[in-house]
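Novice: just a sequence and a predicted model for now, questions to come.
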Amino acid sequence: MSKTYKATGINLKAQALGESDRIVTILTQEFGLIRAIAPGSRKHKSSLGGRSGMFVVNELLIARGRSLDKITQAQTVKTYPGLAKDLGKLAASQYLAEIVLSQALSEQPQQELYELLNEHLHRLEDLPTGESYGVLACLAHAVFHLLALEGIPPQVQICCLTQRPITPDLEDPNWRVGFSIAAGGIVGLEAWENLRKEVVKKPEKSDKPVSHPINPTYQTVVHRQELPTITSRLTAQELLILQQLSQPEIMQISNVNNANWLSVEQVLRQYAQYHLGRSIRSATLIDSYFAANHDATV
């Protein structure tokens, strides 16, 4: 095995090591997630100083080590300076980095994930400064795409109980649909209520063994359908957003306000945290950002 290798990657995390080094966690196209030492990168005149910063894309030459590899050369090919100039953009980009860090694999090519992250960071950076609605739209769009790439997107077109399509009624301001994290997506409230009545009416019949009529030694265990917890109730506009999140045009809809986007982001956040098995710490920065800007009560 070669003692050095080349990779192109984007920095997602950095931590201090010793007096002047950093350990950088990098998502690479060729080898997935790697952790490598950037020697001397915390020194004032280090050539690796800026190249080891967050969301910097480098072409790297890396030397293999016993416990940690070491960056020996780095040539920057892309940066996102606009992300650091806006608190909302920075919070959203860190939020996405946390999700990617939870999804990325080591020692396996991660080209799709690498390209998807860069695509959405580019969209965030291109937003006009201070456009909070746009930050939420980009964030929700990116989270949905990352979940889809992982193979765990929420079911937003059909009811998780009946498997029938649900169309939001935009003319009815009181129209609502349930969202259940455990069930995996949207739930028609009428279907949910019917199931609830069945569960309340016949709790004693659940999980009881039934003897086979031909062979009395053979028993079938009949399980009743579980009643999923409704974690939130979405308006017609919020469901419409979720149903169109796979399309970038959703971010151009003019009659969508921040309250709708905040609700959608909260739903996707809870869903992602459930499936990733960890909280998204940077999400608190999103909450603080919108609370400070008085766009909504979070």
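Specialist: Yep, it's here. Numbering: from 1, shown residues only.
Novice: looking at this, Glu119 is in a helix?
Specialist: Yes: applying DSSP: H, G, I helix; E, B strand; the rest coil, one finds Glu119 inside a helix.
Novice: count the residues that sit near it.
Specialist: 12 (other C-beta atoms under 10 Å). C-betas here are computed from N, CA, C, even on glycine.
Novice: what does stretch 85-93 contact?
Specialist: Contacts to stretch 85-93, defined as C-beta atoms under 8 Å, 6 or more residues apart in numbering, come from residues 54-55, 80, 82-84, 121, 124-125, 127, 129-130, 132, 135, 138-139, 142, 282, 285-286, 288-290.
Novice: double-check that Val135 belongs to a helix.
Specialist: Yes: inclusion of Val135 in a helix is indicated when three-state DSSP is applied.
Novice: now do the helices in the chain.
Specialist: Ranges of helices in the chain, per DSSP state H, are 87-103, 111-126, 132-150, 189-201, 236-243, 258-276, 283-292.
Novice: which strands or helices does the fifth one pack on?
Specialist: Where contact means 3 or more C-beta pairs under 8 Å, 6 or more residues apart in numbering; DSSP states H and E, helix 236-243 is packed against helix 258-276.
Novice: and if you look at the third one?
Specialist: In this structure, helix 132-150 packs against helix 87-103, helix 111-126, helix 258-276, helix 283-292, with contacts taken as 3+ C-beta pairs under 8 Å, 6+ apart.
Novice: quick one: the longest strand seen in the chain to helix 87-103, angle?
Specialist: Using DSSP state E, we find that the single longest strand of the chain is strand 4-17. Our comparison of strand 4-17 with helix 87-103, counting by axes from the mean of the first three to the mean of the last three C-alpha atoms, to 10 degrees, yields an angle of 120 degrees.
Novice: residues in contact with strand 4-17?
Specialist: 22-31, 34, 37-38, 42, 52-64, 72, 77-78, 97, 100-101, 114, 117-118.
Novice: buried ones among the residues you listed?
Specialist: 22-31, 34, 37-38, 42, 52-58, 60, 62, 97, 100, 114, 117-118 (16 or more other C-beta atoms under 10 Å).
Novice: now, which of these lie within strands?
Specialist: Using DSSP E, the members of the buried ones among the contacts of strand 4-17 that fall within strands are 22-28, 34, 37-38, 57-58, 60, 62.
Novice: re earlier: now the contacts of stretch 85-93: which count as buried?
Specialist: Applying the neighbour count, that is 16+ other C-beta under 10 Å, the buried entries in those are 54-55, 80, 82-83, 121, 124-125, 127, 132, 135, 138-139, 142, 282, 285-286, 289-290.
Novice: check contacts around Glu43.
Specialist: For the record, residue 43 is Lys, not Glu. So, once contact is read as C-beta under 8 Å, 6+ apart, Lys43 ends up touching Ser20, Gly49.
Novice: quick one: least confident helix or strand in the chain?
Specialist: Across the helices and strands of the chain, the lowest-confidence element by mean pLDDT, DSSP states H and E is strand 219-222, at a mean of 48.
Novice: pretty sure His138 sits against His120.
Specialist: Rather than His, residue 138 is Cys. Yes: under the criterion of C-beta atoms under 8 Å, Cys138 is in contact with His120, at a separation of 6.6 Å.
Novice: and the protein, what are its domain boundaries?
Specialist: 4-79, 83-148+259-292, 157-244 (automatic domain parsing).
Novice: what's the least confident stretch among the ones you listed?
Specialist: Per-segment mean pLDDT for those reaches its minimum on domain 157-244, at a mean of 84.
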